[in-house]
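Colleague: Sequence unavailable; structure follows:
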């Protein structure tokens with residue numbers, strides 16, 4: 001059983017920063033490609049960024065490029081999404097998705113990921 005837990009969400013002002021965490025307790029995170037997705041009210045869940053397990057490279061959607069980074073902490077079996085220069089349109093529930101055998105060109109598709117956490121709410125507002 002893979003148990004994924006996201007945390008770190010909250011209320012932040014426009015232009016502010018947040019760091020979200022994705023933690024595993026039962027399985028080594030190194031086994032997985034890891035992506036962050038988000039879902040705003042009334043919208044579909046959309047990809048934000050993905051970090052590949054083999055070379056630890058990261059890909060981003062155009063809307064988030066330059067404002068987010070993914071980092072892994074092997075000692076803590078966790079990963080992080082650092083978000084900067086946040087905008088009101090970044091308000092959403094953010095999810096961590098894990099995949100053992102992703103097809104890299106399809107990383108933005110939800111069906112590429114086997115495991116998901118419950119999400120963490122991010123609100124960007126003044």
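Modeller: Received, thanks. Source: prediction; values computed, not measured.
Colleague: can we go C-alpha only for contacts and neighbour counts from here?
Modeller: OK.
Colleague: Now do stretch 82-91, average pLDDT.
Modeller: With pLDDT averaged residue by residue, stretch 82-91 scores 97.
Colleague: For it, list every residue counted as buried.
Modeller: Neighbour counts over stretch 82-91 (16 or more other C-alpha atoms under 10 Å) mark 83-84, 86-87, 90-91 as buried.
Colleague: likewise stretch 41-51?
Modeller: 45-51.
Colleague: CSV please, covering those and showing secondary structure.
Modeller: Formatted as CSV, these follow (DSSP: H, G, I helix; E, B strand; the rest coil):
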residue, secondary structure
45, coil
46, strand
47, strand
48, strand
49, strand
50, strand
51, strand
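Colleague: what's the burial count for residue 106?
Modeller: Using other C-alpha atoms under 10 Å, residue 106 is surrounded by 10 other residues.
Colleague: now the closest residue to residue 103 other than its chain neighbours: how far from residue 120?
Modeller: Distances taken as C-alpha to C-alpha, 6 or more residues apart in numbering put residue 112 closest to residue 103, at 7.3 Å, once the chain neighbours are dropped. Separation of residue 112 from residue 120 (C-alpha to C-alpha, to the nearest Å): 21 Å.
Colleague: what does residue 16 give?
Modeller: In terms of C-alpha to C-alpha, residue 16 sits 17 Å off from residue 120.
Colleague: And for residue 73?
Modeller: 19 Å.
Colleague: which of these two has more neighbours?
Modeller: When neighbours are counted by other C-alpha under 10 Å, residue 73 and residue 120 differ, and residue 120 comes out ahead with 20 against 12.
Colleague: what's near enough to touch the more buried one?
Modeller: 6-9, 93-95 (C-alpha atoms under 8 Å, 6 or more residues apart in numbering).
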